[in-house]
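Q: Pasting the sequence and the predicted model now:
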Amino acid sequence: MPAISTLTLYDRESTPVAHPFTPAGFRNEVAMWKESNGTPVGDNTFTVSSRKTPSGLYKIKMVLAMPTTVTETVNGVDSEKVVRTAYANLEFSFAENSTVQERKNTVGILQDALMSDQSTIVSVIEDLEYLW
């Protein structure tokens, strides 16, 4: 069982930026990491959970939340306010008799689908276009 440790994840800026997500603990068996953006309300969060269902399926779920904040001034007091949050939810489901190679292939194909050279998928996710 791996211990929770810092994750460094890169974005898709023209010069990729490293985003260090540091361990923030566990809540209801969900591991949480945070990337500090100066104010806790604006922290990016990444969570991972894993459980085995009564039917024997292994469910692994990852959620990334990236809030955008603005400084709001009320009565001369500045405070950060979340104006929108980008979410990404990813869930895997594997049978208990699945092989390591089957799981690796599933991850690899999904990872490749999200690469910048997959124009169809990129257009839907990044450019908010519809498929036809």
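A: Received the coordinates, thanks.

Q: For the rest of this, base every contact and every neighbour count on C-alpha atoms.
A: Will do.

Q: Skipping adjacent residues, who's closest to residue 4 in space?
A: Nearest residue to residue 4 in three dimensions, chain neighbours excluded: residue 23, at 6.4 Å (CA to CA, 6 or more residues apart in numbering).

Q: do residue 66 as well
A: Using CA to CA, 6+ apart, the closest residue to residue 66 is residue 44 (4.6 Å).

Q: The one you found contacts residue 36, correct?
A: Yes - contact criterion CA atoms under 8 Å: residue 44 and residue 36 qualify, at 6.8 Å.

Q: Look at residue 36 and say how many residues are nearby.
A: 16 (other CA atoms under 10 Å).

Q: ok now do it, which residues does it touch?
A: Applying CA atoms under 8 Å, 6 or more residues apart in numbering, we find residue 36 in contact with 21, 42, 43, 44.

Q: isn't there a helix covering residue 111?
A: Yes - secondary structure of residue 111 (DSSP: H, G, I helix; E, B strand; the rest coil): part of a helix.

Q: Need the pLDDT of it.
A: Here the pLDDT value assigned to residue 111 is 92.

Q: Could you report the distance from it to residue 52?
A: 23 Å (CA to CA, to the nearest Å).

Q: Next: residue 126.
A: Computed as CA to CA, the residue 126 to residue 52 distance reads 33 Å.

Q: Which residue of the two possesses the greater neighbour count?
A: Neighbour totals were compared for residue 126 and residue 52, and residue 52 leads with 14 against 10 (other CA under 10 Å).

Q: Number of residues surrounding residue 88?
A: 10.

Q: In which helix or strand does it reside?
A: Assessed by DSSP states H and E, residue 88 sits inside strand 77-94.
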